[in-house]
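**Q** Here you go, sequence then predicted model.
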Amino acid sequence: MNDSQSGSAVAAGIALILAPILALVVKAAVFPGWMLFFIVMASIPLLLGYALQIVVAANGMLRTRGVFQTMPGRQRGILAAWITSIGILLVGIFLVDGGDDGTYGSAFTVLLGTSSTPGGEQLSTLLMLASALLWIGGWLWLVVEWIVLLAQRRSAARAAQAWPGPAAQAYPGGRDA
């Protein structure tokens, strides 16, 4: 493994941890309203998913012996981490919200100057739904890749213990990881 591969895993791990927080900050800073209230009400499943995401990032990407640092096929998981991180950021940018005062919009509609207009709301909602698919699909893909790499590492470790010949050298983490 070279330093750029290690750096890409670390960058993806940091993005996994920071992107949801940044998305929430962007959402809360522009149009905090009823959608933000619903997000808070649905916070238990969101927090559980975020906690698992932190575990994947910390153990799989930020550790030097993490599976996204050492195992073959790790690039798929790193790509999934970037997709879910970008997806959640885009959801925060495109999520239309508003309060009881009749104004509504998203960070996107504010940038376009189309806040509180049906056209701006429709476009932003469409882009938010596409972003939500990226976010959730990327998250599911990331978790599957993490589980697969953990299983492959466990299988390679068992093979190395059963026969400490070439299998021990082929296993990137050695016998003790």
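**A** Looks like it came in fine.
**Q** Going by C-alpha atoms from here, please, whenever you check contacts or count neighbours.
**A** Noted.
**Q** Low-confidence ranges, the chain, go.
**A** Counting by pLDDT under 70, the chain contains low-confidence ranges at 1-5, 164-177.
**Q** for it, what spans make up the strands?
**A** Along the chain, the segments classed as strands by DSSP state E run 97-98, 104-105.
**Q** And the first one, what does it pack against?
**A** So that's strand 97-98. Other helices and strands packing on strand 97-98, by 3 or more CA pairs under 8 Å, 6 or more residues apart in numbering; DSSP states H and E, are helix 34-41, strand 104-105.
**Q** didn't residue 89 look like it was pressed against residue 20?
**A** Yes: proximity of residue 89 to residue 20 meets the contact threshold set by CA atoms under 8 Å, at 6.7 Å.
**Q** Please identify which of the two sits among more neighbours.
**A** For residue 89 against residue 20, the residue with the higher neighbour count under other CA atoms under 10 Å is residue 89, and the figures read 24 against 21.
**Q** Out of the helices and strands packed on strand 97-98, which is the most enclosed?
**A** Most buried of those by mean neighbour count (mean count of other CA atoms under 10 Å) is strand 104-105; its value is a mean of 25.
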